[in-house]
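# Quick one, fold the following:
(chains A and B)
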2 protein chains.
Amino acid sequence: MELVKGGVCAAKGFTAGGVHCGIRKNRVKKDLAMILSEVPASAAAVYTTNLVKGAPLTVTKKHLADGTAQAVICNSGNANTCNADGIEIAEKMSDLAAQALGISPDDIVVASTGVIGQPLDIAPIAAGIPVLAKSLSRDGSSDASEGIMTTDTQEKEVAVSFRIGGVTCSLGGIAKGSGMIHPNMATMLVFLTTDAAITPQMLQKALSGDIQNTFNMLSIDGDTSTNDMVTVLANGMAGNPVIDSEGEDFNVFMQALNTVTVHLCRMIAGDGEGATKLLECIASGAADKETAKTVAKSVICSSLTKAAMFGADANWGRVLCAIGYSGADVDVEKIDVRFKSPAGTILVCENGAGVAFSEEEAKKILLEKEITILVDLNSGDASATAWGCDLTYDYVRINGDYRT
Amino acid sequence: MELVKGGVCAAKGFTAGGVHCGIRKNRVKKDLAMILSEVPASAAAVYTTNLVKGAPLTVTKKHLADGTAQAVICNSGNANTCNADGIEIAEKMSDLAAQALGISPDDIVVASTGVIGQPLDIAPIAAGIPVLAKSLSRDGSSDASEGIMTTDTQEKEVAVSFRIGGVTCSLGGIAKGSGMIHPNMATMLVFLTTDAAITPQMLQKALSGDIQNTFNMLSIDGDTSTNDMVTVLANGMAGNPVIDSEGEDFNVFMQALNTVTVHLCRMIAGDGEGATKLLECIASGAADKETAKTVAKSVICSSLTKAAMFGADANWGRVLCAIGYSGADVDVEKIDVRFKSPAGTILVCENGAGVAFSEEEAKKILLEKEITILVDLNSGDASATAWGCDLTYDYVRINGDYRT
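Numbers count the residues shown, from 1 in each chain, chains lettered A, B, ... in the order given. Predicted structure coming up:
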């Protein structure tokens, strides 16, 4: 398993691109992205559990019912959610993309991200799609990745290569954060592509299993978006024996998928709205996996812990507090807490009570850009990791006036 | 039922006071408070559900097991939580208060609030208690209220008078907010006093019932504190027929209690850490009470909605988003949303979709200090109210460096 370049175009047979079509007033930022597979691909997806769902999700769900898709069209700047004509517009977007690519509308994944509740004008999209379709290339992952960004400050793409049945396969993805992120059974927008051959059923199984430990363990602000979606297209062009059941090949595929999704999780967390730091909480020594997940996620979601990390303040009482209200059944008097970063590791709480530690050393550790909060429950062998970011002035600035 | 002055001393037979004993370095801010009833009183309490519990709660729980108490001692500046000697220190505080007042330690409610996990030095408390005990007066509610404040910017006290069985009774309280507030079966520190005669059992029933619609519907930052507690002392000195069962007198008492607790909820919400606005969400037209509560609380807890309100941005999509992920079973396409303040009321979403509205008028409404978000689910007769505040730069500033 090794990291390779190319993002969603790392896998054979995929091209991508992004253009500015005019949904956003800002002329520099691309606002429309497309990904195309040379041949129809197995397709799987997970969607937000929010009852308020973006219209594009309804259309995509219908298109993926047969387990096959060939292209993705996605705009940023407008979520096409809570609009009376939402479905109609999403279908129109899909039709226009299909027409420009010469494929069936039923093979299109359509997605939108941005502000909720403002009508999405189809005109700039209709004008942009033919241009975009012509621009698709093997180098287009970065452009596509920019096209789906909202308040993200960095493009998010990654890919790995791995071997299945003696054949080299690739799997890559692009993602957009960066606010309204607290996935629940699904996540923010993530588009994954692979040239591995795998049936739609096994692809869905791999994706649904993976997100439990990746995107569902990520939180920026506790708000589960209306437009969350992760999709994966597998076009089989690597030529490996088709994965149609569990076993060694499926496990390798799962590992590749997990490598890419963990990487994207960390990128999304580190680029959370206003974030200055990536926070990671590893809960270990738990009696069972669920306990570990509940504890790790509760710490990552605590506004007070997030604000303390922004201030590089080793206020571990807030970590213990967040464990205490998490709902997990833990023995408080066994809990150890450490803060870790490239600058070192420091023990701040042992058996649920404070220990003497150097505030100076703690400050040095917490001034780094990536902080790991290590929670040892000392009650078993299960562990889990959750990702998030600090709570900063910029989160407030960005969200105090998002629409203008 | 009318609002009266006097806070926790409005009821007959109660005196109170507050002093600076030296737990806080800031010499201006009082850090130790006491409330005394002339005679032993019926006592009831609710406590945090956080598994990490402040040592004072354990001691108070033991003291209130017999349903009787006579005095409250509370310090701010240190929560006495997650300390190896916590229970010992809380018992010592209780003993010292009992000794200074000439009553039994078993009749003392002991509480602490402030930073978690730093040893609480008993020396300043031991020196302060005798001075404090001598200073108690009928005018002392405001001093006591200052003594329990942490990052609060305003004292929180209120009282009402009401009639039971032809007799005038009073009920009043003091409270402290203002961060780590997301009560769950209990709440932040609130001390209530009344001269109404009521049995401990009925007092507990009244309190436990009331908080479901008051303190448990309040959230500042989603963090449930380790030291939350609401206590009420009822000394019977008004001379009304003892309330020992449900009925008209109990209902009047519940109304008085609710008037005081709603008032305190609003004061705590409006003075949430960093808050510039009090937010209130009234969910109406719900199929049942639980649905209404879930919806109202989800809106109040949404970081994105809170930040939008700070920016006076009528971004109603975030309100709808928070309803959608609340877990409540609602029909999205029936939801209407309005923003209301002293400057007017404006409809922004009807049947789950945006309506044309004047941004200028919306801005004028949202620039006020008290904003009500009206959510009509149009699916029944149940309603509920939740309280919170906006998310601001100052919340980040206060919590980025709380300990220094």
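
# In the stretch 51-200 of chain A, which residue sits nearest chain B?
Ranking the residues of the stretch 51-200 of chain A by distance to chain B (Cβ to the nearest Cβ) places A:Ile116 first, at 2.7 Å. For every residue, glycine as well, the C-beta is placed using N, CA and C.

# how about low-confidence regions in chain A?
Low-confidence segments of chain A, defined by pLDDT under 70: A:183-187, A:402-404.

# can we see that at 50?
Within chain A, the stretches falling below the threshold (pLDDT under 50) are A:185-186.

# was I right about A:Val39 contacting A:Lys12?
No: at 10.0 Å, A:Val39 and A:Lys12 do not qualify as touching, with contact defined as Cβ atoms under 8 Å.

# So for those two, which sits in the more crowded spot?
When A:Val39 is set against A:Lys12 and neighbours are counted by other Cβ atoms under 10 Å in any protein chain shown, the residue ahead is A:Lys12, at 20 against 9.

# any idea how far the residue of the stretch 51-200 of chain A closest to chain B lies from B:Val59?
When distances are taken as Cβ to Cβ, to the nearest Å, A:Ile116 and B:Val59 turn out to be 49 Å apart.

# more crowded one of the two?
Each of A:Ile116 and B:Val59 has its neighbours counted (other Cβ under 10 Å); A:Ile116 has more, 28 against 25.

# how about the nearest residue to the more buried one once chain neighbours are set aside, phi and psi?
On the basis of Cβ to Cβ, 6 or more residues apart in numbering or on different chains, the spatially nearest residue to A:Ile116 that is not a chain neighbour turns out to be B:Gly317, at 2.7 Å. Note on B:Gly317: its backbone torsions stand at phi -60, psi -30 [degrees, to the nearest 10].

# Would the helix or strand in which A:Thr259 is found count as contacting chain B?
With elements delineated by DSSP states H and E, A:Thr259 resides in helix A:248-270, which encompasses its position. No: contact of helix A:248-270 with chain B (Cβ under 8 Å from any Cβ of the partner chain) is absent, the minimum separation being 15.4 Å.

# For that helix, output the C-alpha coordinates as CSV.
Output in CSV follows, covering the C-alpha atoms of helix A:248-270 (Å, rounded to 0.1, in the frame of the first residue of the first chain):
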residue,chain,number,x,y,z
GLU,A,248,-8.2,-11.7,1.4
ASP,A,249,-8.8,-9.5,-1.7
PHE,A,250,-11.7,-7.7,0.0
ASN,A,251,-9.5,-7.1,3.1
VAL,A,252,-6.8,-5.5,1.0
PHE,A,253,-9.5,-3.4,-0.7
MET,A,254,-10.8,-2.4,2.7
GLN,A,255,-7.3,-1.4,3.8
ALA,A,256,-6.8,0.7,0.7
LEU,A,257,-10.2,2.4,1.3
ASN,A,258,-9.4,3.0,5.0
THR,A,259,-6.0,4.5,4.2
VAL,A,260,-7.7,7.0,1.8
THR,A,261,-10.6,7.8,4.1
VAL,A,262,-8.5,8.3,7.2
HIS,A,263,-6.3,10.6,5.2
LEU,A,264,-9.3,12.6,4.0
CYS,A,265,-10.7,12.7,7.6
ARG,A,266,-7.5,14.2,8.9
MET,A,267,-7.4,16.7,6.1
ILE,A,268,-11.1,17.7,6.7
ALA,A,269,-10.5,18.0,10.4
GLY,A,270,-7.3,20.0,10.1
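
# and that helix, what does it pack onto?
Using 3 or more Cβ pairs under 8 Å, 6 or more residues apart in numbering or on different chains; DSSP states H and E as the contact test, the elements touching helix A:248-270 are strand A:156-164, strand A:167-176, strand A:189-194, helix A:200-211, strand A:278-286, strand A:382-389.

# If we use 7 Å, what do you get?
Applying 3 or more Cβ pairs under 7 Å, 6 or more residues apart in numbering or on different chains; DSSP states H and E, one finds that helix A:248-270 contacts strand A:156-164, strand A:167-176, helix A:200-211, strand A:278-286, strand A:382-389.

# what distance separates the longest one from the centre of its chain?
Put plainly, it is helix A:200-211. Mean-position distance between helix A:200-211 and its chain equals 15 Å (Cα atoms, centre = their mean, to the nearest Å).

# Compute the inter-axis angle for the next helix or strand after that helix and helix A:200-211.
Following helix A:200-211 in sequence order, the next helix or strand is strand A:229-234 (DSSP H and E). Here strand A:229-234 points in a direction 140 degrees away from that of helix A:200-211 (axes from the mean of the first three to the mean of the last three Cα atoms, to 10 degrees).

# list the helices and strands strand A:229-234 packs on?
Using 3+ Cβ pairs under 7 Å, 6+ apart as the contact definition, the elements that strand A:229-234 packs against are strand A:32-47, strand A:189-194, helix A:200-211.

# could you check the angle helix A:248-270 makes with that strand?
Using the same axes, to 10 degrees: strand A:229-234 against helix A:248-270 is 140 degrees.

# And the contacts of strand A:229-234?
Surrounding strand A:229-234, the residues in contact under the criterion Cβ atoms under 7 Å, 6 or more residues apart in numbering or on different chains are A:37, A:41-48, A:57, A:60, A:69, A:72, A:109, A:111, A:186-187, A:189-194, A:196, A:198, A:203, A:207, A:211, A:215.

# buried ones in stretch A:38-55?
Of the residues in stretch A:38-55, A:40-48, A:50-55 count as buried by neighbour count, 16 or more other Cβ atoms under 10 Å in any protein chain shown.

# just so I know, which of the helices and strands packed on strand A:229-234 lies nearest chain B?
Going through these one by one, with Cβ to the nearest Cβ as the measure, strand A:32-47 comes closest at 12.5 Å.

# quick revisit: which among the buried residues of stretch A:38-55 are in contact with chain B?
Restricting these to those near chain B by Cβ under 7 Å from any Cβ of the partner chain leaves A:50-52.

# Rebuild the residues you listed as CSV, extending it with secondary structure.
As requested, those are arranged in CSV below (DSSP: H, G, I helix; E, B strand; the rest coil):
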residue, secondary structure
A:Asn50, coil
A:Leu51, coil
A:Val52, coil
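
# Of these, just say which sits nearest to B:Ala126.
A:Asn50 (54.4 Å; Cβ to Cβ).

# Excluding sequence neighbours, find me the nearest residue to the closest one.
Taking Cβ to Cβ, 6+ apart, and ignoring the residues beside it in sequence, A:Asn50 has B:Gly324 as its nearest neighbour in space, at 4.0 Å.

# quick revisit: list residues touching both of A:Val39 and A:Lys12?
Contact criterion Cβ under 7 Å, 6+ apart; residues shared by A:Val39 and A:Lys12: A:Met237.

# So which bits of the stretch 1-150 of chain A are right by chain B?
Taking Cβ under 7 Å from any Cβ as the contact definition, the stretch 1-150 of chain A meets chain B at A:50-52, A:81-84, A:115-118.

# and with 10 Å instead?
Within the stretch 1-150 of chain A, the residues that sit near chain B (Cβ under 10 Å from any Cβ of the partner chain) are A:48-53, A:79, A:81-86, A:114-119.

# So which of those are in helices?
When those are checked against helices using DSSP state H, the ones located there are A:Gly86.

# Now do the SS call for the residue nearest to A:Ser137 when sequence neighbours are not counted.
With Cβ to Cβ, 6+ apart as the criterion, A:Ser137 has its nearest non-adjacent residue at 5.6 Å, and that residue is A:Thr15. A:Thr15 carries the three-state label strand when classified by three-state DSSP.
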